[in-house]
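# after the sequence you'll find the predicted model.
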Amino acid sequence: MLRQPVSYVLAHGEERVDPSPIHAAMRRRLAGEPLQYIRGKTEFFGHDFYVDDRVLIPRPETEILVETAITKIDRGARVVDIGTGSGCIAVTLALERPDLRVTATDASVAALAVAKKNGVATVVASDVLSAFVRDFDWIVSNPPYIAAADIEQLAPEVRDYEPHKALTPGPLGTEAIQQILDQAGRAHVILEIAFGQQQVVRDLAEAHHFSVDDVRNDLAQIPRVIVLSRHGWK
Ligand SMILES: C[S@@+](CC[C@H](N)C(=O)[O-])C[C@H]1O[C@@H](n2cnc3c(N)ncnc32)[C@H](O)[C@@H]1O
């Protein structure tokens, strides 16, 4: 709020400050707004990202998706990040793997403005891949995956402040995943999935002629990331 480093504050203990921005921030926090929106930033994979209520606040679990993508995706591949939100996946992948050609998409034009601010080079507004004619080699996505009826049970910080379009794709929770698999073509797919969603995503993959190449757990040993390839296209 002072827009000064801690060393400045320590060296100027006698200085009077205007408390009103601090009071305003405290009021927002007491009303339940996430700290990341109030500060306008969060950390993901060791980098700072600008965030506001146009985008989901990047979660630590999503770093597992990025780690998986960094190790799995082949050199020079064309990659699309579907539902880029803040751009945290696309930006980190581009930084960690400069050989990749990374495109970011989102159905929310407001979210894409945030992704741009965070340094995503190529953003395209699209309902999954419907706006694209070109192919991609790899799809990475942390799609909305919560069943609509479960939104009410979420913590108020999430339910009342984060964009619902980022949280739920519809009644089943798997609608966006289904759309991604419908439109994936020959691309390999790396998805973040919800707690308890592994079997239903395996079934959807099988129905779309994908094989499961890998499943990665989060620190609580919950399956969080699934890697899929179309049968015969390994
Ligand atoms: C769970 S958030 C993920 C945001 C970011 N990638 C992250 O991991 O923090 C899902 C994102 O998908 C976008 N989205 C929802 N439905 C979509 C659709 N049909 N097509 C493209 N993007 C969609 C939302 O606007 C939101 O930004």
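Thanks, I have the structure now. Numbering: from 1, shown residues only.
# in this structure, what spans have low per-residue confidence?
For the chain, the stretches flagged by pLDDT under 70 are 1, 232-234.
# how about the residues of it by the ligand?
Proximity of the chain to the ligand (CB under 6 Å from any ligand atom) is limited to residues 55-56, 58, 62, 82-86, 88-89, 105-108, 111, 127-128, 142-144, 165-166, 169, 176. Placement of C-beta: from N, CA and C, glycine included.
# now, the residues you listed that are in helices?
62, 88-89, 111, 165-166, 176 (DSSP state H).
# the chain: helices as residue ranges?
With DSSP H as the criterion, the chain has helices at 6-11, 20-30, 35-39, 62-72, 88-96, 109-117, 156-159, 164-167, 175-183, 198-207.
# which of these sits most buried?
Of all the helices of the chain, helix 88-96 has the most neighbours on average by mean count of other CB atoms under 10 Å, namely a mean of 23.
# show me what that helix is in contact with.
Contacts with helix 88-96, where a contact means CB atoms under 8 Å, 6 or more residues apart in numbering, come from 44-45, 47, 49, 58, 62, 65-66, 69-70, 73, 79, 81, 84, 100, 102-104, 115, 118-121, 140, 142.
# could you measure from the nearest residue to residue 149 once chain neighbours are set aside over to residue 220?
Spatial nearest neighbour of residue 149, excluding adjacent residues (CB to CB, 6 or more residues apart in numbering): residue 171 at 6.9 Å. Residue 171 is 27 Å from residue 220, where distance means CB to CB, to the nearest Å.
# do the same with residue 135
Counting by CB to CB, the gap from residue 135 to residue 220 is 36 Å.
# higher neighbour count, these two?
Higher neighbour count among residue 135 and residue 220: residue 135, with 12 against 8, using other CB atoms under 10 Å.
# count of residues packed around the spatially closest residue to the more buried one that is not a sequence neighbour?
Spatial nearest neighbour of residue 135, chain neighbours left out: residue 185 (5.7 Å); criterion: CB to CB, 6+ apart. Residue 185 is flanked by 13 other residues according to other CB under 10 Å.
# one more: residue 124?
There are 14 residues near residue 124, going by other CB under 10 Å.
# who's the residue nearest to residue 142 when sequence neighbours are not counted bridged to?
Distances taken as CB to CB, 6+ apart place residue 192 nearest to residue 142, at 4.0 Å, with adjacent residues excluded. Note on residue 192: beta-bridge partners by DSSP bridges are residue 225.
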